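1. Make a model of this:
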Amino acid sequence: AMLTLSLGLTNLILAVIVERAAEVRERDVHEALKAKEEEATRQELLMMEICKRMDADQDGKVSISEFSDAYEKIDAFRDMVHLLDVDEGTLHDLFHALDRDKSGDIDYVEFCEMLHIMRTR
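-> Reported below is the predicted structural model:
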C-alpha cells in the first residue's frame with residue numbers, strides 16, 4: 001500500500017513537472033513568434049523608408065535611374081542589395097526582377113513585397 005501511494009505521488013509530481021515544461025515551451029514559442037513578427041514589421045518600415053529616400057521625384061514609384069542613383073548614394077539600400085549577392089553589374093537585373101508588372105518602375109509595395117520574398121528564400 002505504501003509503495004502504491006509512493007508511486008502515485010511520484011507520478012503526480014512528474015505530471016506537474018511535465019505540464020510546467022510544456023507551458024514554458026509554449027510561452028517561449030509564442031515569444032519567438034512575436035519577436036519574429038516585430039522584426040518583420042521593423043524591416044518593412046525600413047524598406048518603406050528606403051523607398052521614400054530612393055524616390056527622388058516623390059511620385060510613389062522608383063524608376064530605374066532612381067534605383068541606380070540610390071545604389072550609389074544610399075548606404076542602407078546598397079547594403080541590402082549586397083545581402084542579395086547583387087552588385088552594380090547586376091543591379092539592372094534586380095530592378096527588372098522587382099518590377100513584377102513590367103511597368104518600368106517599381107511602386108513601394110511591389111518593392112517591399114519582392115525584396116521580402118527574395119530575402120527570405
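
2. any idea which helix or strand carries the closest residue to residue 87 other than its chain neighbours?
-> Nearest non-adjacent residue to residue 87, counting by C-beta to C-beta, 6 or more residues apart in numbering: residue 81, 7.8 Å away. Quick note: C-beta positions are derived from backbone N, CA and C, even for glycine. Taking DSSP states H and E as the definition, one finds residue 81 inside helix 75-83.

3. Figure out how far that helix is from the centre of its chain.
-> 15 Å (C-alpha atoms, centre = their mean, to the nearest Å).

4. Show me the shaky parts of the chain.
-> 121 (pLDDT under 70).

5. residues contacting the residue most central in space within the chain?
-> The chain has residue 40 as the residue nearest its centroid, 3.9 Å off, counting by C-alpha atoms, centre = their mean. If you count contacts by C-beta atoms under 8 Å, 6 or more residues apart in numbering, residue 40 has them with residue 116.

6. does it belong to a helix or a strand, and which?
-> Judged by DSSP H and E, residue 40 forms part of helix 2-54.

7. got it, and residue 106?
-> Per DSSP H and E: strand 105-107 holds residue 106.

8. That strand - contacts with which helices or strands?
-> Counting contacts by 3 or more C-beta pairs under 8 Å, 6 or more residues apart in numbering; DSSP states H and E, strand 105-107 packs against strand 61-63.

9. Tell me which residues are up against the strand it packs on.
-> Here strand 61-63 makes contact (C-beta under 8 Å, 6+ apart) with 51, 54, 55, 70, 104, 105, 106, 107, 108, 111.

10. next helix or strand past that strand?
-> Following strand 61-63 toward the C-terminus (DSSP H and E): helix 64-73.

11. Burial check on the closest residue to residue 105 other than its chain neighbours, number of neighbours?
-> Spatial nearest neighbour of residue 105, excluding adjacent residues (C-beta to C-beta, 6+ apart): residue 61 at 4.1 Å. Residue 61 is flanked by 19 other residues according to other C-beta atoms under 10 Å.

12. same question, the one 3 residues further on
-> Neighbour count for residue 64, taken as other C-beta under 10 Å: 15.

13. quick check, residue 57 in a helix?
-> No - per DSSP: H, G, I helix; E, B strand; the rest coil, residue 57 lies outside any helix segment and is coil.
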